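S.K.: Next come a sequence and a model predicted from it.
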Amino acid sequence: MKQLSITSFIVLLSLGLFAQKKVTLDTTKPTTVVVTSAFKPTLKPAAKINFSAASPVADSSRPNLFYTIPSQNLFFAYQPTPLQPLALSPDTAFAWQNHNYVKAGYGNFTTPYVRLGLSFGDGQKSLVNVHAKHVSSKGQLPFQQFSRTNLEGLGVFASKNNKSEWNAKAHVDLSNQYLYGFADSMKYTNKDSLKQNFSSFGARIGLRNKVADAPIDYNPSVGMEFFNDNRSGNESTLSFALPVTKNFGRVFGLSVGLFGDITSLKTPKATYDNNLFYLTPAFQFKTPNLKVNAGFTPSWDNSVFNLLPNFRAEMKVKDQPFSIQAGWIGYYHRNTYQNLATYNPFIAQPDFSNNTRIKEQYAGLKGSAGNHFTYNAKVSILNYNNVALFVNDTLDGKTFNVLMEQSMKSFRIHGEIGYMVQEKFSFLAGATFNRFSNQYSYKDAYGLLPLEVTGSLRWQVLKDLSVTSDVFFWDGPQYRARNGVSLKQKAAIDMNLGLELGITDKFSGWLQFNNVLNNQYQRWNNYKVLGFNVLAGVVYSFGQTAKK
């Protein structure tokens with residue numbers, strides 16, 4: 001160890017001396033700088049991206065893979081659809097307005113006009129409406145005069161538990177006219193022999209369930225009707241209705257009803273009875289998009305049994321604002337003296353009393369377009385039994401005899417449209433086309449209209465100014481001349497126009513134009529209507545709401 005240490009020390013010392021000796025030698029040289037070239041500072045070129053590079057070639061060796069994914073169908077119990085609001089249609093059966101008014105006026109053809117409306121009750125637990133009306137006119141033709149007077153009262157009364165309500169209705173109607181539609185060569189001096197006066201009185205009472213979605217719905221009613229003429233003809237009718245529906249939830253239901261009409265007509269010749277009873281058992285299926293009523297109607301028409309169909313269906317098209325409807329139904333039209341005289345006030349006293357049986361197959365659609373426009377269209381095929389036809393008597397043609405067509409068919413197209421904007425504007429129009437065929441007893445459908453078009457307009461122009469208008473058009477029906485030849489009456493059109501202007505809070509003036517076109521048409525052969533007729537008057541409103 002000692003030797004190694006000594007040896008290392010000697011080597012290091014020798015190196016240090018050698019280095020010192022070398023540095024000393026370098027200091028003897030001259031300090032000279034030799035420049036070989038001038039210094040020029042430059043930047044190193046930067047790398048740039050080449051934008052013109054070609055896209056890589058597709059690798060064709062790799063296969064194209066296709067995947068098949070099965071569709072997943074989800075079915076929901078409820079599928080929301082966009083709301084399609086419909087314009088509100090006025091309820092023609094009953095409208096509650098708590099106000100009172102008197103409307104009076106006068107016009108040419110010696111036409112006084114009076115109308116009265118009274119309202120009572122609070123509109124919740126009880127309400128009563130009373131309406132009265134009288135109008136009369138005298139035309140230019142001999143004995144061309146008539147008068148109409150009617151009084152009607154309607155009341156609705158809620159029960160103590162407010163789950164049901166009683167409704168009652170009573171009316172009195174007086175119709176007086178003269179048989180002025182005789183041949184021009186006929187001369188009558190006894191005016192009383194041409195009188196054709198009718199009077200009727202009726203009352204009805206019923207009970208109705210008010211609870212929505214109740215397990216049992218019911219609406220029984222019973223009524224009496226009395227009808228008389230000025231030729232010792234008296235008719236009385238007792239009618240009742242007992243409909244009941246049992247609901248099984250909100251979808252299924254079972255309904256059954258018992259209906260009856262017992263009529264007795266007494267004339268100087270004889271007494272005629274007309275009794276009709278029928279049941280309406282049916283199964284009901286109700287959903288938001290589909291409504292089905294399926295059943296039969298066993299009936300006893302004057303002790304003659306008939307089984308009538310009762311199938312109706314209505315389906316709403318998904319996501320569309322219209323519904324499809326179809327059905328096969330059977331029903332009756334009562335040929336009572338009162339119904340016949342209401343349809344044709346110039347008939348002779350009938351010597352029968354029966355009913356028209358109708359079977360109808362129909363299909364159609366109804367719905368809306370936009371927020372204000374509604375429509376309804378239906379095509380029907382009808383089969384009639386015992387249809388009432390009307391022909392002039394062969395003596396002088398002033399009265400109409402009622403003939404009974406044993407069997408007849410009809411192809412019918414019926415359409416309705418409506419456009420409403422709140423309570424300010426409403427337009428309603430309807431058209432019915434009938435093509436009668438296959439008559440068994442008579443050649444033509446005497447007195448029945450083949451085409452009928454109606455329209456009505458209600459427009460609140462300003463706050464105190466309203467305009468009303470009505471249009472009627474029909475194609476002339478067939479009639480039988482005195483020589484037995486069948487002829488066709490001319491087509492007819494009638495248009496009315498009314499104005500009402502508010503003067504004060506309680507008074508307003510009104511103006512009415514009837515038969516604006518002055519078309520003296522004949523709805524019934526030999527009976528011309530009045531020509532252009534104008535009436536004017538005032539309306540006095542009083543009560544809680546001074547509004548007519």
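M.R.: In hand now; what should we look at?

S.K.: If you count contacts, what does the top strand by length along the chain end up packed against?
M.R.: Secondary structure of the chain per DSSP state E: the longest strand is strand 400-421. Applying 3 or more CB pairs under 8 Å, 6 or more residues apart in numbering; DSSP states H and E, we find strand 400-421 packed against strand 373-392, strand 425-437. Any C-beta I mention is one placed from the backbone N, CA and C, and that applies to glycine too.

S.K.: Can you tell me which of these is most buried?
M.R.: For the helices and strands packed on strand 400-421, average neighbour numbers computed from mean count of other CB atoms under 10 Å are highest in strand 373-392, which has a mean of 19.

S.K.: ok so, going back, turn the helices and strands packed on strand 400-421 into TSV, columns for mean pLDDT.
M.R.: As requested, those are exported to TSV (pLDDT from 0 to 100):
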stretch	mean pLDDT
strand 373-392	95
strand 425-437	95
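
S.K.: any chance of those strands in JSON lines, plus distance to residue 490?
M.R.: Listed next are the helices and strands packed on strand 400-421 as JSON lines, based on distance: least, CB to CB, whole Å:
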{"stretch": "strand 373-392", "distance to residue 490": "16"}
{"stretch": "strand 425-437", "distance to residue 490": "18"}
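
S.K.: Can you say which of those strands is nearest to residue 331?
M.R.: Among these, strand 373-392 comes nearest to residue 331, with 10.5 Å by CB to CB.

S.K.: Could you list the paired strands of that closest one along with their orientation?
M.R.: If you go by DSSP bridges, strand 373-392 pairs up with strand 354-369 (antiparallel), strand 400-421 (antiparallel).

S.K.: wait, which of those is closest to residue 501?
M.R.: Across the strands paired with strand 373-392, residue 501 has its closest neighbour in strand 400-421 (21.0 Å, CB to CB).

S.K.: centre of the chain versus stretch 465-485, how much separation?
M.R.: Relative to its parent chain, stretch 465-485 has a centroid offset of 24 Å by CA atoms, centre = their mean, to the nearest Å.

S.K.: Between the two ends of that stretch, how far is it?
M.R.: Counting by CA to CA, to the nearest Å, you get 51 Å between the two ends of stretch 465-485.

S.K.: Tell me which residues of that stretch come out buried.
M.R.: Within stretch 465-485, the residues scored as buried using 16 or more other CB atoms under 10 Å are 466, 468, 469, 471, 472, 474, 475, 476, 477, 478, 479, 480.

S.K.: Please identify which helix or strand holds the third one.
M.R.: Per DSSP states H and E: residue 469 is located in strand 465-474.

S.K.: Relative to residue 199, which of the strands paired with strand 373-392 is closest?
M.R.: Comparing the strands paired with strand 373-392 against residue 199 with CB to CB, the closest turns out to be strand 400-421 (20.0 Å).

S.K.: surely residue 376 meets residue 428?
M.R.: No. Residue 376 lies out of contact with residue 428 (CB atoms under 8 Å); the separation is 10.9 Å.

S.K.: sorry, back to before: so in that sheet, which strands flank the strand holding residue 469, and in what orientation?
M.R.: If you go by DSSP bridges, strand 465-474 pairs up with strand 451-462 (antiparallel), strand 492-502 (antiparallel).

S.K.: got any residues that touch both of residue 376 and residue 428?
M.R.: 416, 417 (CB atoms under 8 Å, 6 or more residues apart in numbering).

S.K.: For residue 392, give its distance to residue 484.
M.R.: Per CB to CB, to the nearest Å, residue 392 is found 11 Å from residue 484.

S.K.: How about residue 104?
M.R.: Taking CB to CB as the measure, residue 104 falls 48 Å from residue 484.

S.K.: where along the stretch 251-400 of the chain do the strands fall?
M.R.: Listed in chain order, the strands of the stretch 251-400 of the chain (DSSP state E, counting those that start in this stretch) span 252-266, 271-279, 282-286, 290-301, 304-316, 322-335, 354-369, 373-392, 400-421.

S.K.: Of those strands, which is nearest residue 182?
M.R.: strand 373-392 (9.7 Å).

S.K.: CA atoms only: put the closest one into CSV for me.
M.R.: The C-alpha trace of strand 373-392 is given here as CSV (Å, rounded to 0.1, in the frame of the first residue of the first chain):
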residue,chain,number,x,y,z
PHE,A,373,-114.7,24.9,-40.6
THR,A,374,-116.7,21.7,-40.0
TYR,A,375,-118.3,19.3,-42.4
ASN,A,376,-120.5,16.2,-42.5
ALA,A,377,-121.3,14.1,-45.6
LYS,A,378,-123.3,10.9,-45.8
VAL,A,379,-124.6,8.5,-48.6
SER,A,380,-127.6,6.4,-47.8
ILE,A,381,-129.8,3.7,-49.3
LEU,A,382,-133.3,3.7,-47.8
ASN,A,383,-136.1,1.2,-48.0
TYR,A,384,-139.6,2.5,-47.1
ASN,A,385,-142.8,0.7,-46.2
ASN,A,386,-146.1,2.7,-46.0
VAL,A,387,-144.9,6.1,-47.2
ALA,A,388,-147.3,9.1,-47.0
LEU,A,389,-147.8,10.8,-50.4
PHE,A,390,-149.8,13.9,-51.1
VAL,A,391,-152.0,14.5,-54.2
ASN,A,392,-154.7,17.2,-54.9
